[in-house]
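> build me a model from this:
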Amino acid sequence: MEDIDTMATIRKLRGRWQAAVRRKGMQPRSKSFDSKSDAERWARSLEAELDRNGALPDMRPAESMTLAQLLTRYRDEVSPSKRSAVTEIARINAILRRPICFRTMTTLSTADLAAYRDERLKTVAPATIIRELNTISHAIDTARREWSIHVAQNPCKLVRRPSPPKGRTRRLEGNEEQLLLAAADKGRVPYLQPLIELERFPRSLSRCGEVSVDP
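So this is what the prediction gives:
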């Protein structure tokens, strides 16, 4: 049987780490990195793709594209068609100011994204970072499916999301109910006040049932 085993080698060459992946019958692929871990990650990515498809993908687009470039294209081409376009574009613009966006798509790792999550959690709520990670994840999926940006897997899907805070309930007090209804009546949504009244009606009946009337 023909030997189709893949060989990956990592060596230090002129101050940088060079990864090379070879398979019998195919042109070898090699690339140099500043760190050994990046070289090993790149080699594992190619090995995994060879095991799945038996061929080496064209990694050059992913090697040259940074997360900033990917998110910018996603913001300009995909976000405008969404109902939440304004908020998503603002979210992406905020992400683009972060150092993680300098990472290329082949070197972006779960460790990078986890560090981004932890740093952001110092200044924003868990719900905000969940939305940011989900936006990054969807942008990567879009690039893999539609833009020929090959990465072995979406690293953002492997990153643990922070737990959102538990919601709280509060009853309206004093004249808050009247103020709420008056504001809804003056708002731009024509059916907002009736909807609030409808939501309030079952609770009013419940409270009536709690009241005992002496004969």
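
> got the phi/psi numbers for residue 10?
The phi/psi pair for residue 10 (degrees, to the nearest 10) reads phi -120, psi 130.

> who touches it in this structure?
Residues counted as contacts of residue 10 (Cβ atoms under 8 Å, 6 or more residues apart in numbering) are 17-20, 36, 39-40, 43. Placement of C-beta: from N, CA and C, glycine included.

> how does it look with 6 Å?
By Cβ atoms under 6 Å, 6 or more residues apart in numbering, the contact list for residue 10 reads 19, 39-40.

> can you put those in a markdown table and add distance to residue 180?
Below are those laid out as a markdown table (distance: Cβ to Cβ, whole Å):
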| residue | distance to residue 180 |
| --- | --- |
| 19 | 62 |
| 39 | 60 |
| 40 | 59 |
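
> top of these by number of neighbours, please.
Highest neighbour count within the contacts of residue 10: residue 39, with 25 neighbours (other Cβ atoms under 10 Å).

> was I right about that one contacting residue 32?
No - with contact defined as Cβ atoms under 6 Å, residue 39 does not count as touching residue 32 (7.6 Å).

> follow-up on the earlier one: in helices, which of the contacts of residue 10 fall?
39-40 (DSSP state H).

> can you pull out the helices in the chain?
Going by DSSP H, the chain shows helices at 36-53, 60-64, 67-77, 85-95, 110-120, 126-146, 176-186, 192-210.

> who does the third one touch, helix- and strand-wise?
It refers to helix 67-77. helix 85-95, helix 126-146 (3 or more Cβ pairs under 6 Å, 6 or more residues apart in numbering; DSSP states H and E).

> just checking, which helix or strand of the chain averages the lowest pLDDT?
The weakest-scoring helix or strand in the chain, judged by mean pLDDT, DSSP states H and E, is helix 192-210 (a mean of 57).

> looking at the helices of the chain, which is closest to residue 154?
Minimum separation from residue 154 across the helices of the chain (Cβ to Cβ) falls at helix 126-146, 4.8 Å.

> which parts of that closest one are buried?
128-129, 131-133, 135-137, 139-140, 142-144 (16 or more other Cβ atoms under 10 Å).

> burial check on the nearest residue to residue 89 once chain neighbours are set aside, number of neighbours?
In space, and not counting its chain neighbours, residue 89 is closest to residue 79: 5.2 Å by Cβ to Cβ, 6 or more residues apart in numbering. When neighbours are defined as other Cβ under 10 Å, residue 79 has 20 of them.

> over to residue 118?
Residue 118: 11 neighbours (other Cβ under 10 Å).

> would TSV of the helices and strands packed on helix 67-77 with distance to residue 120 and mean pLDDT be doable?
Formatted as TSV, those follow (distance: least, Cβ to Cβ, whole Å; pLDDT from 0 to 100):
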stretch	distance to residue 120	mean pLDDT
helix 85-95	9	95
helix 126-146	5	94
